[in-house]
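Participant: Show me how the following folds:
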Amino acid sequence: MNIFDLNDQANHPRATDSDFAKLTDSLMARRQFLGASAGLGLGAFLGGAAHAQGTATQTAQGPRIGFKPIAANSADTVTVPEGYQWRVLSSWGDPLLPGGTPFDHATRGTALSQSLAMGDNNDGMSFFSLGKDHGVIAVNNEYTNYEHLFPHGRCASIDDARKAQAAHGVTVFEVRRQAGTWQPVPNAPLNRRITANTEMRLSGPAAGHPWLKTSADPTGTVALGTFNNCANGRTPWGTYLTCEENFNGYFGSADKLPDNVAFKRYGIAAKDAGYNWHPFDGRFDLGQNPNEPNRFGWVVEIDPMNPHSTPTKRTALGRFKHENAEVVLSADGRVVVYMGDDERGEHIYKFVSAKTFDPQNAAANRQLLDEGTLYVARFTAAEGKLSGQGEWLELTHGKNGLTPENGFKDQAEVLIHARLAATVVGATTMDRPEWIAAHPSRAEVYVTLTNNTDRGVKPNQALNGPNPRAKNVYGQIVRWTPDQGLHTAPTFQWDIFVLAGNPTLHRDLMAGTPNVNADNLFNSPDGLSFDKDGRLWIQTDGDYSNANAFAGMGNNQMLCANPVTGEIKRFLVGPVACEITGICFAPDNATMFVGIQHPGEARKPSHFPQGGQAVPRSSIIAIRRKDGGVVGS
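Facilitator: Residues are numbered from 1 along each chain as shown. Here you go, the predicted structure:
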């Protein structure tokens, strides 16, 4: 639901025996599903009308998708529908703070210039309004591509490490609309860079625990930096949540590491992922600082309206490879945060605050994410069915086997090793859970399960109801409805909204569900977000070869779906080798901001956005209808 609406959708529970559920329950082969669904419309599900705050495009059949869909392609540019236009808002290296200098395609800048400029590989982002034509965008800068960051292509010195660290983190910058066009405001008062070396506070149950203490911080409450920030969230009290994902890849050691079950589960090893910071910065050397990785893998709260505020790592939300943090309000005012752990075979989590949101008490709201209960999901289904029930398993010390005998001495250890705790309580392993999006006017939640090629290679990768394909190269989107329409409910009903696939090549589950056809083929759904009218925007990060199993899919793309009818239309295609990720809207929904990440990745030739022989640069683009109307309608 809309996080700024205090009313939960208790009056709009999931309809029992929905048409969608009846169809998916009987899906044993695509032909059977197609025959059963003829004339019914995929996803005719969920009783209850949309709230009155939706626009005229919201009807009983869901939101209108009014654009003419575009074809897949492999061009090195952005393609949008007829009647739309796009422009670059900001690119990696664009100066935003005093003293910044224009991006230099020869040197790609220095550590200093990067610290004053837009970070690299923009990902999840949120728009915070300061009025009709003025706002702030907070955007994650997930990582950086060394083949583009350095002319020499590698991190070979402490100066290189500092430059790479400055390209990570979060960028906060003001934007203004002038003559109908949104533009960045360089040197604006709220502009800010948060990097891998920005001081942060650790709060919540794990703060101060011995596992979070280092020689530099013997209190275990002051951390430096945030990095590999993937997706995001925003709170009803106006703060930004940035989520630390693949933090493990930044740590390494010249020495062999002792056997450590937690290190193995979180992917921490002597050999890093190629960032090569540890030879030059001892903080990332596991031999010198074995506790430093425990200070990452958290959700970080940032005040975008106070550039002097200290970001806070909220340990009550658990430590894992966070994708995003989708915030909703329950009927009783408690805050609920849905989170996915982005790795094959990991889990989906939910946090419920102990106290309630008070719109009149901003100071008290700032502590809501420090006290509450963390849960992890278990999905169940009868054999062969693509719908079923689920429950939230409590991750509280002393319950569900989370005891000293099983390796958990206190609640801090449960949170620091949330993955291990989830296994102990019996959570369902998933096909790489990524973004989670809650419907703006119904208690209905969606998650992208991007893909899974580890089944049969790694343990604990069993097939199960929401993850029905042995070799899942295409991905799917699963949705659930909390029982009684309450996000705080301990149980839920789930089904599959879409199995991505290729029906031009397959006739079984690899073809996908009937809302996938030759005109909207896609793979690896990743980013996911609703607009105010209830349109579901799907962004992809998958195979862009346009060949073999992926023939007809072209470059990575963004699609728009109607959650009621299941209709899916392609809205955007990105440039070569990019990922489409990150989305937010201006308050009037007449401008959509979208992230174009890592064009030209892995040395695939791209020169986006400048063309010619320019260095490819991750960018935020602004998309609008030429007639000024609502995007997507």
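Participant: Where does pLDDT dip in the stretch 201-350 of the chain?
Facilitator: Within the stretch 201-350 of the chain, not a single segment meets pLDDT under 70.
Participant: For it, which segments are assigned as strands?
Facilitator: Taking DSSP state E, counting those that start in this stretch to define them, one finds strands in the stretch 201-350 of the chain at 222-224, 229-234, 240-244, 299-302, 312-314, 322-329, 334-341, 344-346, 348-356.
Participant: The stretch 401-550 of the chain too?
Facilitator: 430-431, 433-438, 445-449, 476-482, 491-499, 525-530, 536-540.
Participant: Can I get these in TSV including mean pLDDT?
Facilitator: Below are the strands of the stretch 401-550 of the chain laid out as TSV (pLDDT from 0 to 100):
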stretch	mean pLDDT
strand 430-431	97
strand 433-438	98
strand 445-449	98
strand 476-482	98
strand 491-499	98
strand 525-530	98
strand 536-540	99
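Participant: For residue 131, find the nearest of these.
Facilitator: When those are compared by C-beta to C-beta, strand 525-530 sits nearest residue 131, at 23.0 Å. C-beta here means a position set from N, CA and C on the backbone, and glycine is covered the same way.
Participant: Who are the packing partners of that closest one?
Facilitator: strand 433-438, strand 445-449, strand 476-482, strand 536-540, strand 579-585 (3 or more C-beta pairs under 8 Å, 6 or more residues apart in numbering; DSSP states H and E).
Participant: Tell me which strands it pairs with, and in which orientation.
Facilitator: Using DSSP bridges, the strands paired with strand 525-530 are strand 536-540 (antiparallel).
Participant: Only C-alpha atoms, please: export the partner strand in CSV.
Facilitator: Taking C-alpha atoms only, strand 536-540 is exported to CSV below (Å, rounded to 0.1, in the frame of the first residue of the first chain):
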residue,chain,number,x,y,z
LEU,A,536,3.5,-2.4,-12.0
TRP,A,537,6.8,-1.5,-13.7
ILE,A,538,9.2,-4.4,-14.3
GLN,A,539,12.9,-3.9,-15.0
THR,A,540,15.3,-6.5,-16.2
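Participant: What ranges does the stretch 151-300 of the chain have for its helices?
Facilitator: Along the stretch 151-300 of the chain, the segments classed as helices by DSSP state H, counting those that start in this stretch run 158-167, 261-265.
Participant: Count the neighbours of the residue nearest to residue 295 when sequence neighbours are not counted for me.
Facilitator: Using C-beta to C-beta, 6 or more residues apart in numbering and skipping residues adjacent in sequence, the residue nearest residue 295 is residue 223, 4.5 Å away. Using other C-beta atoms under 10 Å, residue 223 has 25 other residues around it.
Participant: Residue 385 now?
Facilitator: Using other C-beta under 10 Å, residue 385 has 18 neighbouring residues.
Participant: circling back to that earlier point, the helices and strands packed on strand 525-530 into CSV, with extra columns for mean neighbour count and distance to residue 404?
Facilitator: Shown next, in CSV, are these (neighbours: other C-beta atoms under 10 Å; distance: least, C-beta to C-beta, whole Å):
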stretch, mean neighbour count, distance to residue 404
strand 433-438, 26, 29
strand 445-449, 27, 33
strand 476-482, 26, 33
strand 536-540, 26, 43
strand 579-585, 26, 41
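Participant: Kindly reformat the ones you listed as JSON lines containing distance to residue 391.
Facilitator: Listed next are the helices and strands packed on strand 525-530 as JSON lines, based on distance: least, C-beta to C-beta, whole Å:
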{"stretch": "strand 433-438", "distance to residue 391": "17"}
{"stretch": "strand 445-449", "distance to residue 391": "15"}
{"stretch": "strand 476-482", "distance to residue 391": "11"}
{"stretch": "strand 536-540", "distance to residue 391": "25"}
{"stretch": "strand 579-585", "distance to residue 391": "31"}
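Participant: hmm, back to that, may I have the beta-bridge partners of the residue nearest to residue 295?
Facilitator: Under the criterion used (DSSP bridges), residue 223 bridges to residue 200.
Participant: pretty sure it is touching residue 198, no?
Facilitator: No. The pair residue 223 / residue 198 is not scored as a contact, 9.4 Å apart, by C-beta atoms under 8 Å.
Participant: quick one, what contacts residue 546?
Facilitator: Residue 546 is in contact with 72, 74, 552-555, counting by C-beta atoms under 8 Å, 6 or more residues apart in numbering.
Participant: same thing but 10 Å
Facilitator: Residues near residue 546 by C-beta atoms under 10 Å, 6 or more residues apart in numbering: 72-74, 521, 552-555.
Participant: Determine which two of those are furthest apart.
Facilitator: The most widely separated members of these, counting by C-beta to C-beta, are 74 and 521 (13.3 Å).
Participant: Common neighbours of these two, please.
Facilitator: Residues touching both residue 74 and residue 521 by C-beta under 10 Å, 6+ apart: 546, 553-554.
Participant: Can you add distance to residue 457 and pLDDT and give these back as CSV?
Facilitator: Output for the shared contacts of residue 74 and residue 521, formatted as CSV (distance: C-beta to C-beta, whole Å; pLDDT from 0 to 100):
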residue, distance to residue 457, pLDDT
546, 26, 98
553, 24, 98
554, 28, 98
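Participant: what's the closest of those to residue 454?
Facilitator: Using C-beta to C-beta, residue 553 is the member of the shared contacts of residue 74 and residue 521 that lies nearest residue 454, at 21.8 Å.
Participant: And the residue nearest to that closest one when sequence neighbours are not counted, how close does it get to residue 540?
Facilitator: Closest residue to residue 553 apart from its sequence neighbours, by C-beta to C-beta, 6+ apart: residue 521 at 4.8 Å. From residue 521 across to residue 540, the span is 10 Å (C-beta to C-beta, to the nearest Å).
Participant: what's the overlap in contacts for these two?
Facilitator: Jointly contacting residue 521 and residue 540 under the rule C-beta under 10 Å, 6+ apart are 500, 553, 557, 559.
Participant: on that earlier part again, out of the helices of the stretch 151-300 of the chain, deepest packed?
Facilitator: Each of those was scored by mean neighbour count; the highest is helix 158-167, a mean of 22, by mean count of other C-beta atoms under 10 Å.
Participant: Which strands and helices lie in contact with it?
Facilitator: For helix 158-167, the packing partners by 3 or more C-beta pairs under 10 Å, 6 or more residues apart in numbering; DSSP states H and E come out as helix 111-115, helix 146-149.
Participant: need those in a markdown table with distance to residue 532, mean pLDDT and mean neighbour count, can you?
Facilitator: Below are those laid out as a markdown table (distance: least, C-beta to C-beta, whole Å; pLDDT from 0 to 100; neighbours: other C-beta atoms under 10 Å):
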| stretch | distance to residue 532 | mean pLDDT | mean neighbour count |
| --- | --- | --- | --- |
| helix 111-115 | 35 | 98 | 20 |
| helix 146-149 | 36 | 97 | 20 |
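Participant: Dump these to TSV, plus distance to residue 234.
Facilitator: Shown next, in TSV, are the helices and strands packed on helix 158-167 (distance: least, C-beta to C-beta, whole Å):
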stretch	distance to residue 234
helix 111-115	25
helix 146-149	29
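Participant: mind checking which of these is nearest residue 185?
Facilitator: With C-beta to C-beta, the closest approach to residue 185 among the helices and strands packed on helix 158-167 belongs to helix 111-115: 18.5 Å.
Participant: Please compute how far the closest one lies from its chain's middle.
Facilitator: 26 Å (C-alpha atoms, centre = their mean, to the nearest Å).
Participant: List of residues touching that helix?
Facilitator: Contacts for helix 111-115 (C-beta under 10 Å, 6+ apart): 92-93, 95, 97, 99-104, 107-109, 120, 141, 144, 149, 158-169, 193, 195, 197-198.
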